[in-house]
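Engineer: please find the sequence and the predicted model below.
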Amino acid sequence: MFRRSKTETPSAETAPEKVGGKGRPTPTRKEAEAAAKARAKTPRTRKELAAAQRSTRAESSQRVRQAMKSGDERYYPARDRGPVRRFVRDFVDVRFSLIELVIPLLLVTLVLGYSGNPTLARWGNTLLMIMVLFVLFDMVTLRFRLRRELARRFPDESYRGLTFYAISRALQMKFMRLPKAQVKVGQKLPDTYR
């Protein structure tokens with residue numbers, strides 16, 4: 001019916017750029033069919049089957065490792081998914097834990113133990129036992145504070161396994177925790193985790 005003149009059509013220079021594209025050209029039908037056929041092709045030998053399973057497992061574990069570092073919860077294992085688990089991770093990560101001091105203290109007690117001086121070795125053992133007691137006290141207070149916060153924030157949820165989850169995370173050094181910490185020490189936690 002209506003025809004646009006050539007002057008009305010937007011040029012490539014004035015056309016708005018598409019934001020959020022997939023970042024690659026759409027494959028041709030021939031390429032898509034070839035890729036589908038390659039995926040559907042069943043392995044002929046046991047060796048090919050094992051290689052295909054290995055590559056699938058490697059891709060899956062690579063995706064999970066990347067998600068654990070970046071915080072993409074879609075690829076987390078089932079034990080780390082959900083708003084309650086995310087809150088427990090954040091609750092543990094914002095507090096300073098005495099476990100951070102245990103590794104340096106172990107080195108000090110090793111040096112004192114091998115110094116050859118029995119008095120220094122006794123001091124090292126005493127220092128280590130005191131630190132273990134402090135860590136146990138820290139874990140007990142973590143449990144009670146966590147339960148109180150969970151009751152306040154998630155009153156209708158089940159808390160089964162959350163204490164073990166929190167304590168096992170708190171006993172790890174911060175840089176070794178997976179999923180990686182998404183909050184900093186002392187940071188205020190958000191009010192909602194839904």
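Structural biologist: The structure has been received and is ready for your questions.
Engineer: please, where are all the helices along this protein?
Structural biologist: 29-40, 46-70, 83-94, 102-113, 118-153, 162-170 (DSSP state H).
Engineer: so which of those gets nearest residue 182?
Structural biologist: Proximity to residue 182 (CB to CB) singles out helix 83-94 among the helices of the chain, at 6.7 Å. In this view, the C-beta of every residue, glycine as well, is placed from N, C-alpha and C.
Engineer: that closest one packs against which elements?
Structural biologist: Helix 83-94 makes packing contacts with helix 118-153, helix 162-170 when contacts are defined by 3 or more CB pairs under 8 Å, 6 or more residues apart in numbering; DSSP states H and E.
Engineer: out of the helices of the chain, which comes closest to residue 181?
Structural biologist: For the helices of the chain, the distance to residue 181 is smallest for helix 83-94, at 4.0 Å, taking CB to CB.
Engineer: tell me the mean pLDDT over the closest one?
Structural biologist: Averaging the model's pLDDT scores along helix 83-94 yields 94.
Engineer: list the contacts of that helix.
Structural biologist: Helix 83-94 is contacted by residues 73, 79-80, 142, 146, 149-150, 153-154, 157, 162, 165-166, 169-170, 174, 177, 179, 181-187, 189, 193-194 when judged by CB atoms under 8 Å, 6 or more residues apart in numbering.
Engineer: report the angle between it and helix 162-170.
Structural biologist: 40 degrees (axes from the mean of the first three to the mean of the last three CA atoms, to 10 degrees).
Engineer: angle of helix 83-94 against helix 118-153?
Structural biologist: Here helix 83-94 points in a direction 140 degrees away from that of helix 118-153 (the same axes, to 10 degrees).
Engineer: check which residues of helix 83-94 are buried.
Structural biologist: 84-93 (16 or more other CB atoms under 10 Å).
Engineer: stretch 160-172 too?
Structural biologist: Burial within stretch 160-172, assessed by neighbour count using 16+ other CB under 10 Å, is assigned to 162-163, 165-167, 169-170.
Engineer: which residues are contacting that stretch?
Structural biologist: Outside stretch 160-172, the residues that touch it by CB under 8 Å, 6+ apart are 79, 84-85, 88-89, 91-93, 95, 97, 99, 138-139, 142-143, 146-147, 150, 177.
Engineer: how about 7 Å then?
Structural biologist: With CB atoms under 7 Å, 6 or more residues apart in numbering as the contact definition, stretch 160-172 has outside contacts at 84-85, 88-89, 91-92, 97, 99, 139, 142-143, 146, 150, 177.
Engineer: and which of these is nearest residue 69?
Structural biologist: The nearest one, if we look at those relative to residue 69 and count by CB to CB, is residue 177, at 10.9 Å.
Engineer: burial count for that closest one?
Structural biologist: Other residues lying near residue 177 total 17 when counted by other CB atoms under 10 Å.
Engineer: which residues touch it?
Structural biologist: Residue 177 makes contact with residue 169 under the criterion CB under 7 Å, 6+ apart.
Engineer: quick one: pLDDT of residue 16?
Structural biologist: Residue-level confidence at residue 16 comes out at 55, pLDDT.
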